[in-house]
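>>> next one to model:
(2 chains)
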Protein chains: 2
Amino acid sequence: MPIIESLLDTDFYKFTMGQVACLRYPDVVVKYAFTCRTPGARLAEVIREGDLRHELEGARALRLTDGELRALRGVRVADRQVFREDYLAFLKGLRLPEYRLERVGDTYCLEFPGRWREAVFWETPALAIVNELTCRALLEGMTPPERDAVYAEGVSRLSGKVRRLKGRPDITFADFGARRRFSRAWQEGVARRLSQELPGQFLGDSNVEMAFRFGVTPIGTVGHEMFMAMSGIAGDSAEAIRASHNRTLQVWWDQYGPGLSVALADTYGSDFFFRDMTREQAAAWKGLRHDSGDPITFGEKAIAFYQRHGIDPREKLLVFSDGLDVGAILRIADHLRGRIGVSFGWGTNLTNDLGLAPLSLVVKMVEADGRRTVKLSDNLAKATGTPEDVERFKRIFGYTGKVYEPCRY
Amino acid sequence: MPIIESLLDTDFYKFTMGQVACLRYPDVVVKYAFTCRTPGARLAEVIREGDLRHELEGARALRLTDGELRALRGVRVADRQVFREDYLAFLKGLRLPEYRLERVGDTYCLEFPGRWREAVFWETPALAIVNELTCRALLEGMTPPERDAVYAEGVSRLSGKVRRLKGRPDITFADFGARRRFSRAWQEGVARRLSQELPGQFLGDSNVEMAFRFGVTPIGTVGHEMFMAMSGIAGDSAEAIRASHNRTLQVWWDQYGPGLSVALADTYGSDFFFRDMTREQAAAWKGLRHDSGDPITFGEKAIAFYQRHGIDPREKLLVFSDGLDVGAILRIADHLRGRIGVSFGWGTNLTNDLGLAPLSLVVKMVEADGRRTVKLSDNLAKATGTPEDVERFKRIFGYTGKVYEPCRY
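Predicted coordinates for the structure are as follows:
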């Protein structure tokens, strides 16, 4: 059984970003690169190259079926069909583009170059494959009772989450954990249980297949890579790169209108974001997504931002998605309750919390339209890009953030 | 001018761990490996291989001078000469062993295999070299006014630190920032200023050269790699590996007695540590070093540990060294004041805080005596080692920690 059995087994925002790429920038070429951040992980000794290739090829063999395309066609947000017919026609022929996999010493070099509209689909399945192969290797090395204990621990932890959230029916959330899940089957079990036991709170899943299966909303709007790609497309000048941030918001709004108007606020730091988003945009967009830096500080900044523009924050939504667990969810919800709308996109701690230590794996866009890309975020320890590019982008965006909170070794 | 001009331009604990390696395990072979954890950093395009090789070769060309050996001979802790004559004789002939450097795509594979007693000396200079070459590349790409602004920002931030700490004469600390410093010259400037402006509080420097130059104590006891090497030496059985933790404490005490008896408490999780350290050891050792997990929680655990053993915590010392800034230092000091002794080992935020975003670089011991090594720590996002080894060590050490706080991307 292949790990990835459907092209819908990915994050919804890949389809929404992919639509912009396909309809507006069909020829733009980008590159995504895989990084294992855990020292000494020796991934090439953990996962056999043949197995990895087999799974990646398995994913490449997939096409969207007519039924899947019908389901995508049926996705409506704010009474509007999300995917246009010409995009659905493109998706009918979609396959994941070629990848570059090379064993280098005891690890792998894994890259995904290609047209943006196709390469955008690699991140989630690639990470899910590497995670699941790693977890399988772990289980293979265990005795049956040890294996049982892992699953029992996972069930117990999930039960604890369900119990605590049942007591807080005001809290709503979505599953954002596809990419870092323990396994496909485990994510499915988690989503099933949440849909049964927290029906009024588990409102969505970023994984399109899971969302369809469990009758919740496929959730997702825009990721850092959208802003990063748009910076590459914009050109080389500082003005063009700076303008590419708002241009991304404009393009997004043109494509989707209010339905998917939750803006990721930290690509070049939230201070720039709050300067760059206009009053009109702030009034029109539903809300903002937080993905780095202190969530409480961000919440306060967002409330002040809306108030400054004469907008009632209680009509707006903040989606938090940065390394959540139940404790963080409750803390954020309690702090902001009644002051601004709040929801949560819950990842690793939801779908890979069985007591094993997940590897630190990422796939990031590193090039777009022939230019290197950069992310700054509200914690510089999460910056991506070459040091020079990071400094250049800090200057371009007037970045003055001083937070550098590394995972220190 | 080479970046590394002296073999004393390294962390003191390399000499103290190196002495144990040299006198007790002279033939044990280990391997350290370099990892760049910043996605898209393209280190091989930032730093020319020739420059990197030149600096590494420059470091390899160094020998300890007679004057430096005399200075090391003069190091006394608790009225006892730290370095034995036979070790000083070894140090007289010490040179950094060969390294393996290979450009792989846009990054470098950099490894330091060799006898433990020699390879132990690579981590600090190697990281300092890569950091400084990176920072130089950044400055080269700037205009003179931009460069001035970087230094002005660094001076301003340092002034802020000095000002805030002057108001808190109860707080003492050491500079632990050699490995991640902006440059050798910058660290020197920082240490000079601290020694002039905070003479009663800046008590030590982990960098031996800086400590000697500014008349403060060379600070450092034992790092994770000591425990990791001892686990490799111990063999393959779970019992032997488990026992290697206390064996490390015993060997350390045998070598140094009370003078350097600050125990690093998180290699396999602090819960195991507090079970494993005996009452006698707790009474004898001066204190503990915290390097992962919530510092306040650790402080409370340490106080409870000492009290359980009938030991007055106020006679003991906790050294905090995990990703500190002034805010964290004040918070920890305020929380624990009067209840247990507290000091601080201040790293990146002290020596590389000029407004640039430091790369996330580490050099970790990955093999010892033919076996792969593992670190768990109190935050599993900082675990090092293969996934299987990490799980095996969790079982061996009865690790039940549930904290996984990654730098999420």
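
>>> for the stretch 51-200 of chain A, what lies in contact range of chain B?
Residues of the stretch 51-200 of chain A lying near chain B by CB under 8 Å from any CB of the partner chain: A:104, A:105, A:109, A:134, A:135, A:137, A:138, A:141, A:142, A:146, A:157. Any C-beta I mention is one placed from the backbone N, CA and C, and that applies to glycine too.

>>> find the nearest non-adjacent residue to the first one, please.
Meaning residue A:104. Spatial nearest neighbour of residue A:104, chain neighbours left out: residue B:104 (4.9 Å); criterion: CB to CB, 6 or more residues apart in numbering or on different chains.

>>> residues near the one you found, how many?
14 (other CB atoms under 10 Å in any protein chain shown).

>>> for the stretch 301-409 of chain A, which spans come out with low pLDDT?
A:408-409 (pLDDT under 70).

>>> and the helices in it, which stretches?
Using DSSP state H, counting those that start in this stretch, the helices of the stretch 301-409 of chain A run over A:326-336, A:348-351, A:387-396.

>>> try the stretch 1-150 of chain A
A:12-24, A:43-46, A:49-60, A:66-73, A:85-92, A:116-119, A:123-140, A:144-166.

>>> which parts of the third one are buried?
Within helix A:49-60, the residues that qualify as buried by neighbour count (16 or more other CB atoms under 10 Å in any protein chain shown) are A:52, A:55, A:56, A:58, A:59.

>>> ok, now the last one?
Under the neighbour-count criterion of 16+ other CB under 10 Å, helix A:144-166 has A:150, A:153, A:154, A:157, A:158, A:161, A:162, A:165 buried.

>>> closest to chain B out of the residues you listed?
Of all the buried residues of helix A:144-166, chain B sits closest to residue A:157, with 7.9 Å by CB to the nearest CB.

>>> what sits against that closest one?
Going by CB atoms under 8 Å, 6 or more residues apart in numbering or on different chains, residue A:157 touches A:353, A:354, A:355, B:402.

>>> again, 7 Å this time
residue A:353 (CB atoms under 7 Å, 6 or more residues apart in numbering or on different chains).

>>> and the residue of the stretch 201-350 of chain A found nearest chain B, backbone torsions?
At 4.3 Å from chain B, residue A:323 is the closest residue in the stretch 201-350 of chain A, using CB to the nearest CB. In terms of degrees, to the nearest 10, the main-chain angles of residue A:323 are phi 60, psi 50.

>>> isn't it right up against residue B:405?
Yes: at 6.4 Å, residue A:323 and residue B:405 qualify as touching, with contact defined as CB atoms under 7 Å.

>>> next, residue A:271: secondary structure please.
Under DSSP: H, G, I helix; E, B strand; the rest coil, the three-state class of residue A:271 is helix.

>>> contact partners for it?
With CB under 7 Å, 6+ apart, residue A:271 has these contacts: A:400, A:401.

>>> and the nearest residue to residue A:212 once chain neighbours are set aside, how many neighbours?
Counting by CB to CB, 6+ apart, residue A:71 is the residue found nearest to residue A:212 once chain neighbours are left out, at 5.5 Å. Residue A:71: 17 surrounding residues under other CB under 10 Å.
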